[in-house]
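Trainee: Sequence first, then the predicted structure, then my questions.
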Amino acid sequence: MTVFAEYSPYQVAANSAVRPRIVMRDMTIDYPIYSSQGRSLKKLVFSTATGGQIGRDASDRVIVRGLDGVTLTIEAGERVGLIGHNGAGKTTLLRALCGVYAPSRGTVDITGRATSLIDLSLGIQDEATGYENIRLRGLMMGLTREQTDELTPSIEEFTELGPYLAVPVRTYSSGMRLRLAFAVSTAISPEILLMDEWLSVGDAAFRKKAERRLRQVVDNSGILVIASHSLELIERLCTRAVWLDQGCVRADGKVKDVTEVRKR
């Protein structure tokens, strides 16, 4: 196994007064694996072949390296598609950009407010009402109480949940929860939009409305970073593609150039 060292913590610089920008410098993310002594070598080798690299850190803990020395700069106006097989590091990179994971080495500097559509249910409180969850979600997105209150009528109309917004979310169906979360998350045009695959929300009628809203949010975002297995979607939406493989950047450039390299 390779021995991996431990490095500096996560760094973020946010300033909504300037153009959005993302700068990753040698960004590396490790996942420690505890109680790993009972895992067979066969399983570790299989994990290495299908996901990140297996190794040990300076404390002799077994770790999986989700991202390995990723250096990328994404400027305002760019639409970047992340491609690669399952376990290549696409979702890990997105979660690092929205602050869920802290780099174990290197830095990621983000200028502008990042909005994540990776996990719509994140932050939804079951015992709180729909209206209370709108306020909570707004705070998570960096909005003030006044800004959230101004947006609430349009969110209420979009959800089509009516009186259900006044009752606890634990009484909602899964589809109703998604409607609420989607409506709040897409109520503003973000400076940086992070997506893990294209979203499909609700029944057929609501899905059409959600699709229109999502396209509008994507078009109005300053930067889009989306991970997808659909090359057709990446070619249609993006101006640039990044191919990730075992946590490393294998190719970065125009979409067609990168997809051609990957096919070789």
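Mentor: Sure thing, it's come through. Bear in mind that the values here come from a model prediction, so they are computed numbers and not experimental data. Numbering: from 1, shown residues only.
Trainee: Phi first, then psi, for the closest residue to S200 other than its chain neighbours.
Mentor: Nearest residue to S200 in three dimensions, chain neighbours excluded: R207, at 6.0 Å (C-beta to C-beta, 6 or more residues apart in numbering). Placement of C-beta: from N, CA and C, glycine included. As for R207, its main-chain torsions (degrees, to the nearest 10) stand at phi -60, psi -40.
Trainee: can I assume R207 is in contact with V201?
Mentor: Yes - contact status for R207 versus V201: in contact at 6.4 Å, counting by C-beta atoms under 8 Å.
Trainee: just to revisit the earlier point, how many neighbours does the residue nearest to S200 have?
Mentor: 13 (other C-beta atoms under 10 Å).
Trainee: do L82 as well
Mentor: Neighbours of L82 (other C-beta under 10 Å): 23.
Trainee: bridging residues for it?
Mentor: On the basis of DSSP bridges, L82 is bridged to A227, V242.
Trainee: Looking at per-residue confidence, what score does it get?
Mentor: Per-residue confidence (pLDDT) for L82: 97.
Trainee: could you measure it against T91, distance?
Mentor: Distance of L82 to T91, given as C-beta to C-beta, to the nearest Å: 9 Å.
Trainee: Show me the common contact partners of the two, please.
Mentor: A227 (C-beta atoms under 8 Å, 6 or more residues apart in numbering).
Trainee: pretty sure L178 contacts G202?
Mentor: Yes - applying C-beta under 8 Å, one finds L178 in contact with G202, separated by 6.6 Å.
Trainee: So between those two, which is more surrounded?
Mentor: Between L178 and G202, L178 has the larger neighbour count (other C-beta under 10 Å), namely 21 against 17.
Trainee: distance of the more buried one from T239?
Mentor: From L178 to T239 the distance is 29 Å (C-beta to C-beta).
Trainee: And G123, its phi and psi?
Mentor: phi 90, psi -10.
Trainee: Pull the number of nearby residues for the nearest residue to it once chain neighbours are set aside.
Mentor: Closest residue to G123 apart from its sequence neighbours, by C-beta to C-beta, 6+ apart: M140 at 5.1 Å. If you count neighbours by other C-beta under 10 Å, M140 ends up with 14.
Trainee: how far does stretch 89-107 stretch from start to finish?
Mentor: 16 Å (C-alpha to C-alpha, to the nearest Å).
Trainee: mind listing what's buried in that stretch?
Mentor: 89-98, 101, 103-107 (16 or more other C-beta atoms under 10 Å).
Trainee: wait, which of those residues is closest to E132?
Mentor: Distance ranking of those against E132, using C-beta to C-beta, places C98 first at 22.8 Å.
Trainee: and G202, backbone torsions?
Mentor: phi 80, psi -170.
Trainee: Return the distance of it relative to E211.
Mentor: 10 Å.
Trainee: Over to T148?
Mentor: From T148 to E211 the distance is 25 Å (C-beta to C-beta).
Trainee: Assign a three-state SS to Y101, would you?
Mentor: With DSSP: H, G, I helix; E, B strand; the rest coil as the basis, Y101 sits in coil.
Trainee: all strands of this protein, in order?
Mentor: 2-3, 21-33, 53-56, 62-75, 79-83, 105-111, 114-116, 192-196, 223-227, 240-245, 248-253 (DSSP state E).
Trainee: could you dump those strands to CSV with distance to I155?
Mentor: Below are the strands of the chain laid out as CSV (distance: least, C-beta to C-beta, whole Å):
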stretch, distance to I155
strand 2-3, 49
strand 21-33, 28
strand 53-56, 43
strand 62-75, 29
strand 79-83, 26
strand 105-111, 26
strand 114-116, 15
strand 192-196, 18
strand 223-227, 22
strand 240-245, 32
strand 248-253, 37
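Trainee: which one of these lies closest to L161?
Mentor: Of all the strands of the chain, strand 114-116 comes closest under C-beta to C-beta, at 21.5 Å.
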